[in-house]
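1. Model the structure of this input:
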Amino acid sequence: MAEAERIIGTPDIPEAAGAEPEQSSGPDLPDGQESTEARPRGKRRIAVLFAVAAFAYAIDLVSKMIVVARLEHHAPIEIIGDWLRFEAIRNAGAAFGFGEAFTIIFTVIATAVIVVIARLARKLYSLPWAIALGLLLGGALGNLTDRIFRSPGVFEGAVVDFIAPKHFAVFNLADSAIVCGGILIVLLSFKGLDPDGTVHKD
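-> Numbering: from 1, shown residues only. Modelled structure (predicted):
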């Protein structure tokens, strides 16, 4: 009887052992794993966006505080001869000193850009897009802070500019972040990479 049970029961053991890998490696599990991994990946991209934005905003804010405290109402500081110098200037216009008569309009545009970026962040899965949008967001917040809190008044404040290359407009680190973010977005668009991580070809 014991011998018969052994002979009859022996095939069931490999069968049971073979059934377990079959269930764990079934087609449904990888799909489940993919969908589960997609969500954390998206959250990481959002974290990158806000980390880049916070860094760009912080260095812009600190640099402007130093310029106002140490450089405003003082002679410019030459960095590379007369090719590059630091010179404190209050700019009521847009980036690089354009459109000084439209301060409130530029304030509204900056606010709209921030809202659009925040909405776009919900479907952000691309790391390069996260960096580009983070630079835009940090730069927009940097200049918007000046427009809200600096004289002559709320939403009409003049932005602090201090980087003065020879034969070029004076600008600040927020302007630089905005320009770098914009250039990166153009390059990503030419490559066909969308914010959600998909690649399309025209």
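2. So Asp161: helix, strand or coil?
-> For Asp161, the secondary-structure state derived from DSSP: H, G, I helix; E, B strand; the rest coil is strand.
3. Where does pLDDT dip in this protein?
-> The chain contains residues with pLDDT under 70 at 1-44, 93-104, 202.
4. Any idea how many residues pack against the residue nearest to Asn143 when sequence neighbours are not counted?
-> Leaving aside its sequence neighbours, Asn143 sits nearest to Ala174 (C-beta to C-beta, 6 or more residues apart in numbering; 4.7 Å). In this view, the C-beta of every residue, glycine as well, is placed from N, C-alpha and C. Ala174 sits with 30 neighbouring residues when counted by other C-beta atoms under 10 Å.
5. isn't Ala174 right up against Arg147?
-> No - Ala174 is not in contact with Arg147 according to C-beta atoms under 8 Å; the separation is 10.9 Å.
6. How about the contacts made by the spatially most central residue of the chain?
-> Centroid-nearest residue in the chain, with C-alpha atoms, centre = their mean: Gly134, separated by 1.7 Å. Going by C-beta atoms under 8 Å, 6 or more residues apart in numbering, Gly134 touches 48-53, 55-56, 181.
7. do the same with Leu120
-> By C-beta under 8 Å, 6+ apart, Leu120 lies in contact with 133, 195.
8. name the element it belongs to?
-> Applying DSSP states H and E as the criterion places Leu120 in helix 103-120.
9. ok and whatever helix or strand comes next after that helix relative to helix 103-120, angle-wise?
-> Using DSSP H and E, the helix or strand that follows helix 103-120 towards the C-terminus is helix 127-149. Helix 127-149 runs at 150 degrees relative to helix 103-120, counting by axes from the mean of the first three to the mean of the last three C-alpha atoms, to 10 degrees.
10. Return helix 127-149 as CSV; C-alpha atoms alone will do.
-> Presented in CSV, the C-alpha positions along helix 127-149 are these (Å, rounded to 0.1, in the frame of the first residue of the first chain):
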residue,chain,number,x,y,z
LEU,A,127,13.0,63.4,-16.6
PRO,A,128,14.2,66.0,-19.2
TRP,A,129,10.8,67.7,-19.2
ALA,A,130,10.8,67.7,-15.4
ILE,A,131,14.2,69.6,-15.4
ALA,A,132,13.0,72.0,-18.1
LEU,A,133,9.7,72.8,-16.4
GLY,A,134,11.5,73.1,-13.0
LEU,A,135,13.8,75.7,-14.5
LEU,A,136,10.8,77.6,-15.9
LEU,A,137,8.9,77.4,-12.6
GLY,A,138,11.8,78.5,-10.5
GLY,A,139,12.7,81.4,-12.7
ALA,A,140,9.1,82.5,-13.0
LEU,A,141,8.7,82.4,-9.2
GLY,A,142,11.9,84.3,-8.7
ASN,A,143,10.9,87.3,-10.8
LEU,A,144,7.3,87.1,-9.6
THR,A,145,8.5,87.5,-6.0
ASP,A,146,10.2,90.7,-7.0
ARG,A,147,7.1,92.0,-8.8
ILE,A,148,4.9,91.3,-5.7
PHE,A,149,7.1,92.5,-2.9
